[in-house]
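Enquirer: my questions are about this predicted structure, shown below with the sequence.
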Amino acid sequence: MRRKDAPWLTLKYREMLEAWLFLSPTLIGFIIFFLGPLVAIVYYSMTEWNLLTQQATFVGLKNFHNALLVNPDFWQVLRNSGIFALGLVPLNMALALTLALALSRPFFGVVFFRTVFFAPVVTSAIAWAIVWKFLLQGEAGIVNQMLATVGIDGPNWLREPNWAMAAVIVTRVIKMVGLNMILYIAALQAIPRDYEEAARLEGASRWQIFRMIIWPLLAPTTLIIMVITTIGSFKVFDHIYQMTGGGPENGTLVLAYYIYLQGFEYFDVGYASALAMIMFVIVMALTIVQVMLRRKEME
Amino acid sequence: MTRRQRDLVYRTCWTIALLIAAIPFIFPFLWMVSAGFKSVTEIFGEPNLIPRVWRWQNFVDVFTHQPFARQYFNSLYIALSVTALTLVISSLAGYALARMRFAGAGLLMLFLVSALMVPEEVTIIPNFFLIKWMGLMDTHWPLILLPTFGPHGVMATFLMRQYFLALPKELEEAGKMDGLSRFGIWWRIALPMSRPALAAVAIITFLFSWNLFLEPLIFLSSLDMFTLPLALSNFTDTYGLPLWNLQLAATTLAVVPILIVYLIAQRQIMESFALSGVKG
């Protein structure tokens, strides 16, 4: 076999070159479609750029000033995003953990239940939102008709701001809870059975076993789930686009949807970019805070 | 009560609770199919799960209201392209990150990890101008390129890396002795051993692309180019109000095949998502 290597191409350099070759498709794409745009958005956010006139003028921090101090929409949007996250994350995680605890051990019907609770995860958010919008219509909606049979006069879910927010949160939880359930089940199954057996022999109750043994061992999984779910709650777009369109009275207008509206409906690119920067900072900050809190807790 | 009896009561209570909890997970699918077969007047009449008159015509109208077959095909071939491309690229990069030593590896990893935390809404505006500048508006290229190289692609890379790290090195070293190049080792030894990881990446990537909405909404404008989620969203009358029976019939057509595959391969699909989550 002929060796093509020039003498200067030592083994170490050869390996390095090969590594970068293997990585190059990912890196080139990553730089063009991710890193580049991430840098560009910093510049965009400091310009006044109207898509219709196609002109960008540098305006410094004016867009941020507009968002934070001038435009009343922004704080309402941020509040909506906050409420959405605060409603969705605890509800999702509590339900996911409960379901996982019930479904982590084999019993008759366990596969059926897991399959059912996970099914919405593989369904498109648009399809899911279409069906729930149909079910949650005012008087003709099936949910209200069912409530009527037990004597409850259901609200016009998607036409009243507070109810619309609640409806969006709950249907989103139903859509996504299966994913966290599966992650919790995997973590629960990795806990050795002996721990629990030993505690039971010592006379510990189910709650004590959960509180003292299982919950601490789940901490790393809980952290990952919390971070993923929080980021996910700030990203939610398609669900709200289809179910409420941000309405009624901007009651479900969340940050991701607001960015879309400003950028692609009102063509205010500079302002939309500033909003995107703010979103980036919020998500990063939340992630870092969660990781730090957890680390402190574990010490 | 003996312990056995207590356990039985406990189990029964849990099963009943689970059955009740399952209602909002199952009923939307049942109503979707049911309403897809009804006429508009029946949809807004007394609620009944089994249609009084089965209106198959809805499923014909779906295809005349929009080029639905074409849109279905678009979604399918885009999802397959994204999946194939992601498999190749993520397994190459994942292998390099797992097995090769090079300067800057740590920094690179940090860079890629941080990408997992950035919502795509953040980069969508510059990407819009990039795609426009490339002359690719209203084509399927952005729907193939952005998901492949965005945070989802990074997640796939990490999933592959994790799997390669857990593989035994001995076989690869034997391959090296036999004169295989790095590429040969990757292709002939590492890849065949990592079928479960490749399957997981394929499953989650296909579904990710199949369900993608923001990118199609922003980049596509002609009906013939639409993908399924965008098409479903578009079953409205001239006032923008939903044509419920058609919309739900179309949604049924889009969702049921996925659900059938899911029911057949539910274990594999759930495991794939579990793998991706552990990494994400």
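Expert: It's in.

Enquirer: just checking, what packs against the helix or strand hosting residue A:288?
Expert: Residue A:288 belongs to helix A:269-298 when assigned by DSSP states H and E. Where contact means 3 or more Cβ pairs under 8 Å, 6 or more residues apart in numbering or on different chains; DSSP states H and E, helix A:269-298 is packed against helix A:36-44, strand A:47-50, helix A:62-65, helix A:219-235, helix A:255-260, helix B:120-133. For the C-beta atoms, the positions are set from N, CA and C on the backbone; glycine is no exception.

Enquirer: show me what the next helix or strand after the longest one is packed up against.
Expert: Meaning helix A:219-235. Going down the chain from helix A:219-235, the next helix or strand is helix A:238-243, by DSSP H and E. In this structure, helix A:238-243 packs against helix A:125-135, helix A:161-189, helix A:255-260, helix B:228-233, with contacts taken as 3+ Cβ pairs under 8 Å, 6+ apart.

Enquirer: could you point out which element follows the last one?
Expert: Remark: after helix B:228-233, the chain's next helix or strand is helix B:244-264, criterion DSSP H and E.

Enquirer: now residue 44. Nearest residue, chain neighbours left out?
Expert: With no chain named, the answer covers chain A. By the measure of Cβ to Cβ, 6 or more residues apart in numbering or on different chains, the closest residue to residue A:44 outside its immediate chain neighbours is residue A:273, 3.6 Å from it.

Enquirer: looking at chain B here, not the other one
Expert: The spatial neighbour of residue B:44 that comes closest, neighbours along the chain excluded (Cβ to Cβ, 6+ apart), is residue A:140 at 4.8 Å.

Enquirer: now the one you found: which helix or strand?
Expert: Going by DSSP H and E, residue A:140 is not in any helix or strand.

Enquirer: and it, how many neighbours?
Expert: Each residue near residue A:140 was counted by other Cβ atoms under 10 Å in any protein chain shown, and the total is 13.

Enquirer: just to revisit the earlier point, for the helices and strands packed on helix A:269-298, which one sits closest to residue B:39?
Expert: The closest of these to residue B:39 is helix A:255-260. By Cβ to Cβ, the value is 33.6 Å.

Enquirer: can you flag the weakest of the helices and strands packed on helix A:269-298 by average pLDDT?
Expert: Within the helices and strands packed on helix A:269-298, the stretch with the lowest mean pLDDT is strand A:47-50, showing a mean of 79.

Enquirer: which outside residues touch that one?
Expert: Strand A:47-50 has contacts (Cβ atoms under 8 Å, 6 or more residues apart in numbering or on different chains) with A:55, A:56, A:57, A:58, A:59, A:62, A:63, A:267, A:268, A:269, A:270, A:273.

Enquirer: which ChimeraX command selects the buried ones in the residues you listed?
Expert: The following ChimeraX line selects those of the contacts of strand A:47-50 that are buried, judged by 16 or more other Cβ atoms under 10 Å in any protein chain shown:
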select /A:62,63,268,269,270,273
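
Enquirer: show me what contacts the residue in chain B that chain A sits nearest to?
Expert: Nearest residue of chain B to chain A (Cβ to the nearest Cβ) works out as residue B:149 at 3.1 Å. By Cβ under 8 Å, 6+ apart, residue B:149 lies in contact with A:26, A:29, A:30, A:32, A:33, A:34, B:89.

Enquirer: which of the helices or strands spans residue 93?
Expert: Unless you meant another one, I'm taking chain A. Secondary-structure element containing residue A:93, defined by DSSP H and E: helix A:72-103.

Enquirer: I was thinking of chain B, sorry if that wasn't clear
Expert: If you go by DSSP H and E, residue B:93 is part of helix B:68-99.

Enquirer: quick one: that helix to chain centroid distance?
Expert: For helix B:68-99, the separation from the chain centroid amounts to 11 Å (computed by Cα atoms, centre = their mean, to the nearest Å).

Enquirer: go on, stretch A:236-251?
Expert: A distance of 16 Å separates the C-alpha centroid of stretch A:236-251 from that of its chain, computed with Cα atoms, centre = their mean.

Enquirer: what about it, start to end distance?
Expert: Across its full length, stretch A:236-251 reaches 15 Å between end residues, using Cα to Cα, to the nearest Å.

Enquirer: identify the residues contacting it?
Expert: With contact meaning Cβ under 8 Å, 6+ apart, stretch A:236-251 is reached by A:73, A:76-77, A:80, A:84, A:124-126, A:128-130, A:132-133, A:158-162, A:164-165, A:167-168, A:171-172, A:175, A:252-254, A:256-258, A:260-261, B:121, B:213-214, B:217, B:229, B:233.

Enquirer: and for residue B:188, the neighbour number?
Expert: Using other Cβ under 10 Å, residue B:188 has 15 other residues around it.

Enquirer: where does it fall, phi/psi-wise?
Expert: Backbone geometry at residue B:188, expressed as degrees, to the nearest 10, gives phi -90, psi -20.

Enquirer: touching, it and residue B:180? I think so.
Expert: Yes - the pair residue B:188 and residue B:180 passes the contact test of Cβ atoms under 8 Å, sitting 6.6 Å apart.

Enquirer: contacts only, for the most centrally placed residue in chain A.
Expert: The centroid of chain A falls nearest to residue A:232 when counting by Cα atoms, centre = their mean (0.6 Å). By Cβ under 8 Å, 6+ apart, residue A:232 lies in contact with residue A:176.

Enquirer: which SSE is residue 12 in?
Expert: Chain wasn't specified; assuming chain A. Secondary structure assigned from DSSP H and E places residue A:12 in helix A:11-30.

Enquirer: other chain: chain B
Expert: Residue B:12 is located in helix B:3-36, with elements delineated by DSSP H and E.
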